[in-house]
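**Q** Here is my input; please provide its structure:
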Amino acid sequence: MAIIEFAWNELKPGVLADAFTQGAVAAMIAPDDTFRDLWDRLMADQREKLPWEVTLAEIAHNHHGSGEITDSLGDVIYFRPSLHGHIARKFEITQGSGQFAMRPGGFVQDGILVTPSVELLADCWALVARIMAAMTPDDMAPPFWRVSVQRLKYQCSVAALDGLTALVGNSLGRWGQLGFAIDTARARAMGPFSAKGLCDVFGLMSLLPLASWPAKWANARFADRSRVNRLEAGEHLIEKPHYDTRYFSAISGSRDTICTQVFVDGGWVNLPIARDSLAIIPGKLARRELGLPATMHRVIHREPTDPPFWQNARDFNTTLLFGAK
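**A** As a prediction, the model looks like this:
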């Protein structure tokens with residue numbers, strides 16, 4: 001029951017709400033040909049250059065950023081140890097008076113503003129609306145929501161991930177580098193050190209010569225005792241255990257060396273994410289507004305024995321995510 005499976009035609013109003021209320025932590029949906037066509041239009045259309053295929057200047061042109069990663073739209077490069085490690089293109093869709101609106105309004109490519117078709121926006125909206133209806137308990141009115149669409153690219157190796165992380169950190173000024181180092185230490189805080197406020201103290205202590213050794217020693221002991229923070233041999237943490245802020249995340253992808261895991265009965269379980277399936281996990285908004293338990297999950301990297309020869313391909317280690325927020 002921890003991971004429940006549905007066919008697309010079984011995704012009726014309220015069925016996901018019932019499943020998550022009864023103890024499921026994720027739902028695997030086998031979509032129809034409509035979703036496969038949507039994947040191709042969003043991920044395989046060679047006419048669109050995704051941010052991992054263009055220059056930094058072009059990424060910056062399409063960046064609509066915020067200090068809070070969950071609010072950033074457009075093209076983003078986000079590399080912070082144990083928190084995030086991806087390049088992405090993100091947009092949101094709202095509906096009013098029968099019309100769809102997208103934020104940002106389009107993406108500049110080769111000096112021209114390119115906007116998705118109304119049909120594409122409508123299909124994204126219909127997919128999320130179907131899932132939101134299934135997420136809403138029968139005795140509740142559907143809440144207001146907007147669509148989030150994210151296309152993400154993870155790196156082919158830990159070395160590539162570490163290199164981009166170092167590039168981001170080293171490009172900052174002296175005070176920015178200090179803040180980056182504190183944030184890096186905060187992200188690795190375990191046990192009581194991970195509590196709000198204490199993680200800031202731990203981050204500062206980790207950089208002080210006399211305090212760093214005892215702080216790191218105690219933190220390592222907490223990590224050894226924690227099932228939540230346990231990693232198997234060959235696993236590298238990209239995104240630490242967390243709850244998404246959305247109502248839900250519906251994830252598909254071409255996964256090669258990365259894996260999304262959910263926490264079940266004291267251990268981590270791999271989600272079988274693929275191009276022809278949707279993995280749905282509830283987030284904090286579902287807990288707050290719909291009374292459904294949110295699912296803790298993380299993203300890890302497994303270094304292959306023999307690196308795949310197609311590792312620079314457009315769809316290597318990519319994720320297509322739909323959400324409601």
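**Q** could you give the mean pLDDT of the one helix or strand A185 maps to?
**A** Assigning secondary structure by DSSP states H and E places A185 in helix 174-187. For helix 174-187, mean pLDDT is 80.
**Q** Please apply the same query to stretch 214-233.
**A** Average pLDDT, stretch 214-233: 73.
**Q** again with stretch 11-22
**A** Rounded mean pLDDT across stretch 11-22 is 96.
**Q** contacts for that stretch?
**A** For stretch 11-22, the external contacting residues (Cβ atoms under 8 Å, 6 or more residues apart in numbering) are 1, 4, 6, 27, 29, 130-131, 133-138, 280, 282, 286, 290-293. In short, each C-beta sits where N, CA and C put it, glycine included.
**Q** show me where the stretch 201-325 of the chain has strands.
**A** With DSSP state E, counting those that start in this stretch as the criterion, the stretch 201-325 of the chain has strands at 235-242, 248-254, 258-264, 267-270, 278-282, 297-302, 318-324.
**Q** With the stretch 1-150 of the chain instead?
**A** In the stretch 1-150 of the chain, the strands defined using DSSP E, counting those that start in this stretch lie at 3-7, 26-30, 63-64, 73-80, 84-96, 99-103, 107-109, 112-114, 147-153.
**Q** Distance from the shortest one to the middle of the chain?
**A** What that stands for is strand 63-64. Mean-position distance between strand 63-64 and its chain equals 18 Å (Cα atoms, centre = their mean, to the nearest Å).
**Q** for it, packing partners?
**A** On a contact count with 3 or more Cβ pairs under 8 Å, 6 or more residues apart in numbering; DSSP states H and E, strand 63-64 meets strand 73-80.
**Q** Quickly run through the sheet partners of the strand it packs on, with directions.
**A** Sheet pairing for strand 73-80, assigned by DSSP bridges, gives strand 63-64 (antiparallel), strand 84-96 (antiparallel).
**Q** ok, residues contacting that strand?
**A** With contact meaning Cβ under 8 Å, 6+ apart, strand 73-80 is reached by 51, 56, 58-60, 62-65, 69, 72, 84-92, 103-104, 107, 161, 164-165, 167-168, 180, 183-184, 187.
**Q** now the angle from that strand to strand 235-242?
**A** In terms of direction (axes from the mean of the first three to the mean of the last three Cα atoms, to 10 degrees), strand 73-80 departs from strand 235-242 by 120 degrees.
**Q** D265 versus M43, what's the distance?
**A** M43 sits 34 Å away from D265, going by Cβ to Cβ, to the nearest Å.
**Q** Apologies, that question was intended for G197.
**A** Computed with Cβ to Cβ, the distance linking G197 and D265 is 30 Å.
**Q** if we can go back for a sec, out of the contacts of strand 73-80, which are buried?
**A** Buried subset of the contacts of strand 73-80 (neighbour count, 16 or more other Cβ atoms under 10 Å): 51, 58-59, 62, 72, 84-92, 104, 107, 161, 164-165, 180, 183-184, 187.
**Q** contacting residues for P31?
**A** Neighbour list for P31: W8, D276, S277, L278 [criterion: Cβ under 8 Å, 6+ apart].
**Q** can I get those residues in TSV with neighbour count and distance to F20?
**A** Shown next, in TSV, are the contacts of P31 (neighbours: other Cβ atoms under 10 Å; distance: Cβ to Cβ, whole Å):
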residue	neighbour count	distance to F20
W8	15	18
D276	10	23
S277	17	18
L278	24	15
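**Q** Which ones among those residues map onto helices?
**A** Among the contacts of P31, no member is found in helices (DSSP state H).
**Q** Max pairwise distance over the residues you listed: which two?
**A** Farthest pair in the contacts of P31 (Cβ to Cβ) is W8 and D276. Separation: 11.1 Å.
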